[in-house]
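Novice: everything below, folded, please.
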Amino acid sequence: MVIRPHRQEDMPVLLEIWLQASLHAYDELPAALWWPHQEAMRDRFLAGSEIWVLEQAGQIKGFAALQADELLALYVHPEFQGHGLGAAMLGQLKSGHPYLWLRVCSRNSDIIAFYRHHGFTSCGEQKDPLTGLPELLMECPPKLVATVCALA
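Specialist: Numbering: from 1, shown residues only. Down below sits the predicted model:
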């Protein structure tokens, strides 16, 4: 397994992983909701984001995007979920970012449990502008300095 910075030519695969993982995680939402947002996601990921790719046997299986201390994305293709790839990616990110925060759909109990297992705690709620669904703000680990949730 290799975790490396992304290359421009990786972007079509990353967007496909984002789409497949989103469809899998939010199967109660219509698929048509996600397709029009691929370009917006590409732009969001590229706008000053630090993007890491997880490769195994020459195949990209997941990726993560950060902007400062915010974890914008951590996606593993559904075919490869449950094999420790997300945990490996998160461990790599945490080694370079002692404080991370993120937003996650409140309905996605599996991913909330994943983040809690890896030291994240809930620290607020808001509504996702894309889906209109409630989302949790989570952070790991709280620093002794002001955190995102403490400032909200």
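Novice: for the longest helix belonging to the chain, list every residue counted as buried.
Specialist: The residue-count maximum for a helix in the chain (DSSP state H) belongs to helix 11-25. Using 16 or more other Cβ atoms under 10 Å as the test for burial, helix 11-25 gives Met11, Val13, Leu14, Leu15, Ile17, Trp18, Leu19, Gln20, Ala21, Ser22, Leu23, Ala25. Yep, even glycine has a C-beta here, placed from its N, CA and C like the rest.
Novice: now do the fourth one against Ile3, distance only.
Specialist: Distance, Leu15 to Ile3, by Cβ to Cβ, to the nearest Å: 19 Å.
Novice: how about His118?
Specialist: 16 Å.
Novice: now swap in Glu55 and tell me
Specialist: Counting by Cβ to Cβ - Glu55 and Ile3 are separated by 8 Å.
Novice: so Trp52 sits in a helix?
Specialist: No - membership of Trp52 in a helix is not supported by DSSP: H, G, I helix; E, B strand; the rest coil, which gives strand.
Novice: ignoring the adjacent residues along the chain, who's closest to it?
Specialist: What sits nearest to Trp52 in space, not counting adjacent residues and going by Cβ to Cβ, 6 or more residues apart in numbering, is Ala64, at 4.9 Å.
Novice: relative to helix 11-25, how tilted is the helix or strand hosting that neighbour?
Specialist: Applying DSSP states H and E as the criterion places Ala64 in strand 59-67. Relative orientation of strand 59-67 versus helix 11-25 (axes from the mean of the first three to the mean of the last three Cα atoms, to 10 degrees): 90 degrees.
Novice: so what secondary structure elements neighbour strand 59-67?
Specialist: helix 11-25, strand 50-56, strand 70-76, helix 85-96 (3 or more Cβ pairs under 8 Å, 6 or more residues apart in numbering; DSSP states H and E).
Novice: tabulate these in CSV, adding columns for mean pLDDT and distance to Asn108.
Specialist: Output for the helices and strands packed on strand 59-67, formatted as CSV (pLDDT from 0 to 100; distance: least, Cβ to Cβ, whole Å):
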stretch, mean pLDDT, distance to Asn108
helix 11-25, 81, 6
strand 50-56, 93, 20
strand 70-76, 91, 12
helix 85-96, 91, 13
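Novice: domain assignment for the protein?
Specialist: The record's domain parsing of the chain by automatic domain parsing lists 1-97, 99-152.
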